[in-house]
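**Student:** predicted structure and sequence below. I'll ask about it afterward.
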Amino acid sequence: MISAKINSKRLGDFRFKKIGKDYLITNDVGNWQYLSAENFKRFLNAKISQKEKIYQELSGKGFIDINKKKLAELAGQYLTLNYSSFKGPTLFIIVLTLRCNHRCLYCQVTPESPMAKGFDMNEATAKKAVDLIFRAPSRFISIEFQGGEPVINWPVLKYIVKYAKEVNKEKNKNLKISLVSNLTLLDEKKLNFLLKEDVSISCSFDGPAKVHNKNRIFLEGGNSYEIVSKQIKKIQKTIKIKKKKSKRKFVDSLNAILTVSRFSLPYYKEIVDEYIKTGFDNIFIRPLSPFGLQRQTLNIIGYRAEEFIDFYKKSMDYILKLNLEGKLFVERNAYYALKKILKNEDANYLEMRSPCGAGIGQMAFNYDGGIFTCDEGRMAERMGYENFKLGDVYNNNFNQLIDNEITKTMCLASCLDNQFSCLNCAYKPYCGVCPVANFIEYGTIFPQISNTDKCKINKAMFYYLFSKIRNKKYRNIFENWLEKLPYLNEKDYSKK
């Protein structure tokens with residue numbers, strides 16, 4: 001981070017990155033500007049005249065000529081960009097069961113068999129969890145069912161939906177309830193209940209059969225791709241009908257997540273095409289995470305960061321090509337980053353926050369009532385590490401969960417201002433780290449961030465986006481994404 005003085009007027013703090021022949025400069029409030037090599041040199045040496053247009057642009061963005069009035073304006077921008085850090089936890093993950101009818105090679109949870117006993121949440125624990133959740137100060141509350149396969153514990157899922165809505169009659173929060181499922185156990189009756197109760201649905205979908213079935217092994221011996229793709233189309237059709245009947249009420253679309261394994265790498269085009277064929281208007285391209293079964297199967301499904309980056313770039317190039325041809329299709333990692341870059345707004349994407357969402361943005365309630373900093377924290381416990389457990393629903397109140405040494409440590413470890421290599425990175429205003437993943441992968445919550453695969457991947461993504469933004473046709477595509485597909489807007493759920 002660099003600062004200086006120009007004619008007794010402060011040059012704002014900034015970071016820079018050479019992209020192509022020019023220099024990208026950014027600051028903590030998320031503003032950015034491209035400068036030619038010559039103008040960058042003039043900028044550093046206070047040679048840009050106040051009469052020049054570029055001086056006015058730099059002044060307006062807080063790079064130059066900072067006064068008290070401008071400082072107050074910049075402080076407001078900073079609060080907007082980091083809004084989610086100041087409102088308390090909004091995402092509450094409830095693990096209904098550890099049982100699952102799949103054995104996905106990259107599963108982060110280390111699941112139990114469908115017939116296992118003692119791994120389901122009961123109603124008493126569920127009630128305690130919901131009561132704690134509604135003590136959160138945020139006006140927006142998102143309850144997300146995870147597993148295992150959550151639908152296996154259907155009675156408690158139904159109980160929580162009904163009870164949470166009953167509690168919310170008094171609390172009057174903007175309540176979102178969602179289910180993350182492999183969809184194979186979601187019959188007509190269950191689907192109708194979920195849609196009637198406005199429960200959003202997300203699933204894992206890895207593309208064509210040759211990839212999906214390779215990654216996601218169905219224990220019942222069936223064809224997971226065949227079942228899931230049919231379910232996706234059925235659910236989308238049902239949601240489409242509901243949207244037509246509910247014009248004045250927000251109805252969430254079915255969303256899907258792609259986890260990229262080694263088997264995915266040759267098929268970027270086929271995967272995107274499969275998503276489009278199946279009816280999705282977006283894809284969430286995510287690398288492997290260092291939790292659960294992935295640690296045991298790494299030699300089978302793993303890859304170098306550079307291989308994932310190549311896959312991501314090829315996917316994005318193809319996605320942008322489709323958009324240029326008139327097909328609206330979005331990559332969601334890019335979407336969340338662009339919301340910060342182009343709109344200076346906080347997308348509340350927990351993996352791109354500083355500090356991250358552990359404890360202060362989300363909490364995870366395990367099937368047995370244990371409460372963790374985040375979903376990654378409860379995954380770590382399955383691997384034998386209880387470092388990230390905040391307490392439990394029977395012995396702790398909400399204040400104890402927040403005013404907790406573990407929560408404070410997570411904030412400290414994930415604040416990019418505490419990371420030397422991040423402090424001077426041009427992408428710092430838009431990025432974030434996961435201390436739990438760092439601990440599992442590198443043995444410490446304070447690794448040398450610049451040497452981690454996650455940092456390499458994030459830098460490559462930001463470099464790609466900032467390179468494309470300079471081209472008007474691509475910037476128009478990105479701005480169209482933000483306008484047409486406003487994912488996870490809290491105001492939408494206030495319409496329910």
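**Tutor:** Good, I have the coordinates. Numbering: from 1, shown residues only.

**Student:** output the below-cut-off pLDDT ranges for the chain.
**Tutor:** 1-11, 486-496 (pLDDT under 70).

**Student:** what's the residue closest to the geometric middle of it?
**Tutor:** What sits nearest the mean C-alpha location of the chain, by CA atoms, centre = their mean, is residue 349, with 4.0 Å.

**Student:** assess the claim that that one and residue 336 are in contact.
**Tutor:** Yes - at 4.0 Å, residue 349 counts as touching residue 336 under the criterion of CB atoms under 8 Å. Quick note: C-beta positions are derived from backbone N, CA and C, even for glycine.

**Student:** can you pull the contacts of the residue nearest to the centre of the chain?
**Tutor:** residue 336 (CB atoms under 8 Å, 6 or more residues apart in numbering).

**Student:** any idea how far residue 329 is from it?
**Tutor:** 19 Å (CB to CB, to the nearest Å).

**Student:** likewise residue 56?
**Tutor:** With CB to CB as the criterion, residue 56 and residue 329 are 37 Å apart.

**Student:** give me the more crowded residue out of those two.
**Tutor:** residue 329 (19 against 13; other CB atoms under 10 Å).

**Student:** these two touch, right, that one and residue 323?
**Tutor:** Yes - contact criterion CB under 8 Å: residue 329 and residue 323 qualify, at 6.3 Å.

**Student:** list the buried residues of the lengthiest helix in the chain.
**Tutor:** Longest helix in the chain, counting residues (DSSP state H): helix 224-245. Buried positions in helix 224-245, judged by neighbour count with 16 or more other CB atoms under 10 Å: 224-225, 227-229, 231-232, 235-236, 238-239.

**Student:** just the CA coordinates of that helix, formatted as CSV?
**Tutor:** The C-alpha trace of helix 224-245 is given here as CSV (Å, rounded to 0.1, in the frame of the first residue of the first chain):
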residue,chain,number,x,y,z
SER,A,224,-27.1,-40.5,-10.4
TYR,A,225,-26.9,-38.2,-13.5
GLU,A,226,-30.1,-39.7,-15.0
ILE,A,227,-32.1,-39.2,-11.8
VAL,A,228,-30.8,-35.8,-11.0
SER,A,229,-31.1,-34.3,-14.5
LYS,A,230,-34.8,-35.5,-14.6
GLN,A,231,-35.4,-34.1,-11.1
ILE,A,232,-33.8,-30.7,-12.1
LYS,A,233,-36.1,-30.4,-15.1
LYS,A,234,-39.2,-31.4,-13.1
ILE,A,235,-38.4,-28.9,-10.3
GLN,A,236,-37.6,-26.1,-12.8
LYS,A,237,-40.9,-26.7,-14.6
THR,A,238,-42.8,-26.6,-11.3
ILE,A,239,-41.0,-23.4,-10.2
LYS,A,240,-41.8,-21.8,-13.5
ILE,A,241,-45.5,-22.5,-13.0
LYS,A,242,-45.3,-21.1,-9.5
LYS,A,243,-43.6,-17.9,-10.7
LYS,A,244,-46.4,-17.3,-13.2
LYS,A,245,-49.0,-17.7,-10.5
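
**Student:** which strands or helices does it pack on?
**Tutor:** With contacts defined as 3 or more CB pairs under 8 Å, 6 or more residues apart in numbering; DSSP states H and E, helix 224-245 has these neighbours: helix 188-196, strand 199-204, helix 209-215.

**Student:** any chance of these in a markdown table, with distance to residue 160 too?
**Tutor:** Formatted as a markdown table, the helices and strands packed on helix 224-245 follow (distance: least, CB to CB, whole Å):
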| stretch | distance to residue 160 |
| --- | --- |
| helix 188-196 | 12 |
| strand 199-204 | 10 |
| helix 209-215 | 29 |
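
**Student:** how about the secondary structure of residue 92?
**Tutor:** When classified by DSSP: H, G, I helix; E, B strand; the rest coil, residue 92 comes out as strand.

**Student:** so who does it touch?
**Tutor:** 129, 133, 136, 141-144, 362-365.
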